[in-house]
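*Asks:* got a structure for you, letters missing:
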């Protein structure tokens with residue numbers, strides 16, 4: 001328990017020390033210096049995670065004690081540097097401090113000394129989303145499908161081996177997929193001896209991305225309101241909310257892409273190119289799609305070397321490209337070399353790689369991917385079928401396996417479920433409001449392009465750059481039923497132009513749209529099908545008098561704040577009569593929302609409760625093991641019985657006979673092996689490129705198998721017990737474990 005609590009404290013204290021140290025060395029003309037320091041510190045921490053894990057792994061010392069020493073040293077260095085910087089600069093900086101603060105405020109586009117009430121409300125909403133997603137991330141165990149099959153098992157194998165070397169495994173995706181998020185999870189899981197904090201890696205990326213988005217808005221001259229709107233636009237992306245409490249990697253990739261824009265929009269310099277190069281390396285180490293998203297951003301960065309009418313010099317371009325390539329390769333090279341040694345290619349090979357690439361990319365396949373991808377975000381009745389018919393008209397099969405990654409659903413299956421994008425599931429939830437607003441704002445901006453100011457022009461460039469990266473991704477990649485996950489970096493960057501667009505609306509319209517964005521994200525925040533914070537079945541069964549009591553409390557509790565806010569606004573009005581009417585309307589509107597909100601919530605709860613995707617559960621009260629199997633409940637009883645059989649055998653080496661996409665991590669967790677205890681686990685009967693690698697442990701005396709035709713069937717001295725037939729799970733035991 002002590003390690004479980006001290007591990008996040010150590011990492012948080014180190015991060016804070018880096019932020020303070022970087023802030024102390026900020027340029028005098030730095031815009032939003034604290035946020036810039038946080039973003040740069042995130043890059044430094046990412047680089048340290050890669051170097052520490054790879055370095056300790058090379059020595060076979062990827063264990064808790066060496067990691068604790070490494071992070072303690074970084075903690076000491078960070079706070080020593082911070083203290084020295086402030087001590088050294090205090091005397092010289094004091095006469096200029098007041099002027100510098102005024103300059104920072106002016107550069108960031110902020111004139112007033114106090115935050116406006118609407119900005120305070122936006123910041124409060126951002127804090128609420130960050131806080132609630134953290135609660136979900138900490139309370140819920142890793143339970144996403146990909147987390148169970150390869151994100152978390154690979155971490156368990158690394159920690160058991162003391163190394164990130166490749167190992168024999170039936171599902172080679174564990175080996176060749178980009179490893180950065182796994183490195184971060186391995187660090188905190190090893191230090192804490194628990195997977196309690198595994199989900200917080202994505203949560204930290206969720207928060208960092210919001211900060212980075214607001215910083216991008218500040219750097220293009222936007223004011224406080226726009227910065228807050230941009231941050232809230234990102235934090236309310238349904239896919240971002242759902243993924244913020246998982247061990248997936250798309251939110252981390254989105255954070256690195258937004259961070260890349262931070263440096264691309266900064267003042268051109270050699271140090272800025274280094275920051276961008278390190279961010280690119282971390283992004284490529286996180287998600288294989290990042291080179292496509294990043295290429296247009298680096299074109300933007302190079303273009304800024306030739307701004308203000310000065311032509312881009314070839315030596316600057318070549319030098320920048322060389323630095324970017326060298327730094328990025330330094331971060332990805334160790335993993336790429338392991339892949340090349342095992343699979344013959346730096347990015348991996350085999351069926352799992354080939355099945356995701358379009359056979360022959362053409363303009364037609366690009367248009368097809370774009371149209372089919374839009375179906376994943378727009379819950380419009382008949383729209384999916386219309387896209388399907390359009391494919392038939394032009395003679396393209398929307399389910400062609402040369403352009404479609406078919407697993408359990410093809411495009412026709414998805415097109416028939418128009419409401420699918422509304423389901424709060426981190427594998428396929430859509431972002432309909434964000435897409436609709438982005439399209440609407442883009443159309444309006446193009447029509448009114450003569451009225452663009454510098455800020456709007458910069459926002460359009462950002463949106464166009466992100467769109468170019470997204471289109472590049474569509475060219476070689478097959479359409480998938482869960483492609484909306486791969487769109488998350490694109491939507492994260494679009495939060496900047498969305499903030500600009502929202503700010504150009506009238507105050508009343510802006511308030512309505514902002515409330516709609518928040519409301520649209522609440523299902524993902526509170527009712528995610530795998531990690532529901534609220535038991536919707538229980539809420540839907542509340543009687544009328546409970547909802548009435550909630551309405552009374554909200555009305556009484558909201559009357560005084562509404563009157564105070566309205567009064568403050570009224571005092572700024574020039575005409576007393578207008579001020580009085582405004583005050584009355586504000587109070588009436590606030591009380592109406594407080595009174596009618598519970599009514600709408602009741603009907604909404606009953607509507608969600610009727611959906612089969614929401615069986616009774618709340619992560620606040622449910623058993624952690626039960627929540628872990630939320631995405632595959634049929635496995636729970638069989639896995640629990642398999643763990644009992646292993647414990648009864650007293651076997652110290654357990655074999656795993658699993659094939660592709662099987663749930664491996666629950667066995668690590670239930671046996672205690674994921675936190676450094678329990679028996680050793682190793683794969684057996686491996687039949688892919690990794691079969692030639694050195695085994696992780698001696699021959700097992702018990703084998704847990706999901707193969708209906710097992711290599712241990714009929715083997716002399718072994719017995720088989722089938723624990724479940726659908727899904728199939730069996731335990732094979734050697735008659736004499738000591739022989």
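*Replies:* Nice, thanks for sending it over. Note that the structure is predicted; figures quoted are calculated from it, not measured.
*Asks:* where does the prediction get shaky in the chain?
*Replies:* Across the chain, the ranges flagged by pLDDT under 70 are 88-114, 305-316, 554-591, 593-595, 613, 736-739.
*Asks:* strands of that one, start to end?
*Replies:* With strands called from DSSP state E, the chain shows them at 653-657, 680-683, 702-705, 718-725, 728-734.
*Asks:* residues in contact with the first one?
*Replies:* Strand 653-657 is contacted by residues 170, 646, 664, 667, 671, 679-685, 697-707, 710-712, 732 when judged by Cβ atoms under 8 Å, 6 or more residues apart in numbering. Every residue, glycine included, has its C-beta placed from N, CA and C.
*Asks:* now swap in stretch 459-471 and tell me
*Replies:* Stretch 459-471 has contacts (Cβ under 8 Å, 6+ apart) with 216, 220, 222, 257, 261, 265, 292-297, 299-300, 366, 370, 438, 442, 445, 452, 487, 489-490, 493-494, 496-497, 500.
*Asks:* among the contacts of strand 653-657, name the buried ones.
*Replies:* Taking 16 or more other Cβ atoms under 10 Å as the criterion, what is buried in these is 170, 646, 664, 667, 671, 679-685, 697, 700-707, 710-712, 732.
*Asks:* look up how far residue 481 lies from residue 376.
*Replies:* In this view, residue 376 and residue 481 are 8 Å apart by Cβ to Cβ, to the nearest Å.
*Asks:* more neighbours, the two?
*Replies:* residue 376 (28 against 21; other Cβ atoms under 10 Å).
*Asks:* can you give me the helices for the stretch 601-739 of the chain?
*Replies:* 624-628, 636-649, 665-670 (DSSP state H, counting those that start in this stretch).
*Asks:* counting contacts, what elements does the shortest one pack onto?
*Replies:* Which is helix 624-628. helix 636-649, helix 665-670 (3 or more Cβ pairs under 8 Å, 6 or more residues apart in numbering; DSSP states H and E).
*Asks:* return the most buried member of those helices.
*Replies:* Most buried of these, by mean neighbour count (mean count of other Cβ atoms under 10 Å): helix 665-670, with a mean of 23.
*Asks:* ok, and what's touching that helix?
*Replies:* Helix 665-670 is contacted from outside by 141-142, 147-149, 152-153, 156, 195, 625, 628-629, 635, 639-640, 642-643, 654, 656, 673-674, 681, 704, using Cβ under 8 Å, 6+ apart.
*Asks:* whichever of these end up buried, select them in PyMOL.
*Replies:* Buried residues within these, by 16+ other Cβ under 10 Å, are selected in PyMOL with:
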select buried, resi 141+142+147+148+149+152+153+156+195+628+629+635+639+642+643+654+656+673+674+681+704
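*Asks:* what touches both of residue 376 and residue 481?
*Replies:* Common neighbours of residue 376 and residue 481, using Cβ under 8 Å, 6+ apart, are 414, 428.
*Asks:* may I see the buried residues of stretch 319-335?
*Replies:* Applying 16+ other Cβ under 10 Å to stretch 319-335 flags 320, 324, 327, 328, 331, 332, 334, 335 as buried.
*Asks:* in TSV: the residues you listed, plus distance to residue 230.
*Replies:* Below are these laid out as TSV (distance: Cβ to Cβ, whole Å):
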residue	distance to residue 230
320	27
324	26
327	28
328	27
331	28
332	30
334	36
335	33
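*Asks:* out of these, which sit inside helices?
*Replies:* For the buried residues of stretch 319-335, membership in helices holds for 320, 324, 327, 328, 331, 332, 334, 335, with DSSP state H as the criterion.
*Asks:* residue 9: which of those residues is nearest?
*Replies:* residue 331 (27.2 Å; Cβ to Cβ).
*Asks:* any chance of the strands of the chain in JSON lines, with distance to residue 45 too?
*Replies:* Output for these, formatted as JSON lines (distance: least, Cβ to Cβ, whole Å):
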{"stretch": "strand 653-657", "distance to residue 45": "33"}
{"stretch": "strand 680-683", "distance to residue 45": "30"}
{"stretch": "strand 702-705", "distance to residue 45": "37"}
{"stretch": "strand 718-725", "distance to residue 45": "43"}
{"stretch": "strand 728-734", "distance to residue 45": "40"}
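*Asks:* relative to residue 473, which of those is closest?
*Replies:* strand 680-683 (32.2 Å).
*Asks:* ok now the closest one, how far from the chain's centre?
*Replies:* Relative to its chain's centre, strand 680-683 lies at 30 Å (Cα atoms, centre = their mean, to the nearest Å).
*Asks:* do stretch 442-454 as well
*Replies:* Relative to the centre of its chain, stretch 442-454 is centred 31 Å away, using Cα atoms, centre = their mean.
*Asks:* which of the residues in that stretch are classified as buried?
*Replies:* 442, 445.
*Asks:* list the contacts of it.
*Replies:* The contact list for stretch 442-454, computed with Cβ under 8 Å, 6+ apart, reads 220, 221, 456, 460, 463, 497, 501.
*Asks:* what's the neighbour count on the fifth one?
*Replies:* Residue crowding around residue 463 was assessed by other Cβ under 10 Å; the count is 22.
*Asks:* also the first one?
*Replies:* Burial of residue 220, expressed as a neighbour count using other Cβ under 10 Å, amounts to 22.
*Asks:* nearest residue to it other than its sequence neighbours?
*Replies:* Take residue 220 and drop its neighbours on the chain: the residue closest to it by Cβ to Cβ, 6 or more residues apart in numbering is residue 458, 3.7 Å away.
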